[in-house]
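Participant: Generate coordinates for the sequence data below:
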Amino acid sequence: MKFKVMIADEAHYLKSQSSKRSKSLVPIMSHAKRVLLLTGTPMLGKPNEIYNLIKIVRPDIFCKFMDYGARYCAPRESIYGIDWSGSANKNELHLMLEKSLMIRRLK
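Facilitator: You can find the predicted model right below:
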C-alpha cells in the first residue's frame, strides 16, 4: 500500500537500523510520498545514530552510510573493524539538519 503522508511519533525509536520497529516501518515509509518524524526527545547522540532518520526523511541527501560516515562520523580502524562512533564536521551537519530537515521548537 502506498501512503501519501506518513507521520511517525516517537521517531527516536527509529534511529537504529537493526531494531524491529525500523525493520518493519522503514520499508513502508520509503514508499510514502511524504514522511514526518516527530519526537520530543533531544537527539544528543553521535552522528551515526541519526543517519537512519535522515535516510527516512531525505534518502536523496546521503544514499549510502559510507558517504555519510566518512564525512560526519570520523571513522577509525579498530581490531573489530571500522569504528563509526566518532564525530567530525559537527557544525556542518547541524547546519545541514537545521536548514533542510529539522524544525525545532524551543520552550
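
Participant: need the strands for the chain, in chain order.
Facilitator: In the chain, the strands defined using DSSP state E lie at 5-8, 34-37, 76-78, 81-83.

Participant: buried set for the first one?
Facilitator: In this case it means strand 5-8. For strand 5-8, the neighbour count (16 or more other C-beta atoms under 10 Å) marks 6, 8 as buried. C-beta: built from backbone N, CA, C; applies to glycine.

Participant: that older thread, can you put the strands of the chain in a markdown table and add distance to residue 57 and mean pLDDT?
Facilitator: Shown next, in a markdown table, are the strands of the chain (distance: least, C-beta to C-beta, whole Å; pLDDT from 0 to 100):
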| stretch | distance to residue 57 | mean pLDDT |
| --- | --- | --- |
| strand 5-8 | 10 | 93 |
| strand 34-37 | 6 | 92 |
| strand 76-78 | 28 | 92 |
| strand 81-83 | 25 | 92 |
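
Participant: To residue 24, which of the ones you listed lies closest?
Facilitator: Closest approach to residue 24 among the strands of the chain (C-beta to C-beta): strand 5-8, 11.3 Å.

Participant: re the thing from before, of all the strands of the chain, which lies closest to residue 62?
Facilitator: It is, among these and with distance given as C-beta to C-beta, strand 34-37, at 15.6 Å.

Participant: For that closest one, output the C-alpha coordinates as CSV.
Facilitator: C-alpha atoms of strand 34-37 as CSV (Å, rounded to 0.1, in the frame of the first residue of the first chain):
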residue,chain,number,x,y,z
ARG,A,34,5.9,12.5,2.4
VAL,A,35,7.2,11.4,5.8
LEU,A,36,7.2,13.4,9.0
LEU,A,37,9.2,12.2,12.0
